[in-house]
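Enquirer: A predicted structure for the sequence below; I have some questions about it.
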Amino acid sequence: MNTKLTLTLEKEIIEEAKKYASKRGRSLSEMVENYFKYITESKTQSAATEELSPRVQKLRGVLKVDSSFNYKNNLNEAKDEKHGI
């Protein structure tokens, strides 16, 4: 059952959101509904796994790293190197 919801937002935000939705072939109502579903879904479900495409799910666990591997440090080092910091 659909129910009407009234939101008060800045006009510019609404216009940009409508453009964004239109470019993706969706309605603004659909996007808002999907967002509300996303933020309210139960945390007990393994939503992260369900959201992955089948191709990405197949790749999970392919690479093995030491338990001491620190992803954040590695990422920051790569960023620093890339940007010459």
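Expert: That came through, no problem.
Enquirer: Next secondary structure after the helix or strand of the chain with the lowest mean pLDDT?
Expert: Ranked by mean pLDDT, DSSP states H and E, the weakest helix or strand in the chain is helix 47-51, scoring a mean of 60. Using DSSP states H and E, the helix or strand that directly follows helix 47-51 along the chain is helix 54-59.
Enquirer: So which bits of that next one are buried?
Expert: Buried residues in helix 54-59, counting neighbours by 16 or more other CB atoms under 10 Å, are absent. Placement of C-beta: from N, CA and C, glycine included.
Enquirer: any idea how far it is from the chain center?
Expert: 17 Å (CA atoms, centre = their mean, to the nearest Å).
Enquirer: One more: stretch 68-76?
Expert: With CA atoms, centre = their mean, you get 22 Å for stretch 68-76.
Enquirer: Check stretch 64-78 too.
Expert: 23 Å.
Enquirer: same check, this time on stretch 77-85
Expert: Centre-to-centre, stretch 77-85 and its host chain are 25 Å apart (CA atoms, centre = their mean).
Enquirer: What ranges does this structure have for its helices?
Expert: Using DSSP state H, the helices of the chain run over residues 11-23, 28-40, 47-51, 54-59, 71-82.
Enquirer: and those as JSON lines, adding distance to T3?
Expert: As requested, the helices of the chain are exported to JSON lines (distance: least, CB to CB, whole Å):
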{"stretch": "helix 11-23", "distance to T3": "20"}
{"stretch": "helix 28-40", "distance to T3": "11"}
{"stretch": "helix 47-51", "distance to T3": "25"}
{"stretch": "helix 54-59", "distance to T3": "35"}
{"stretch": "helix 71-82", "distance to T3": "43"}
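Enquirer: weakest of those helices in terms of mean pLDDT?
Expert: Per-stretch mean pLDDT for the helices of the chain is lowest at helix 47-51 (a mean of 60).
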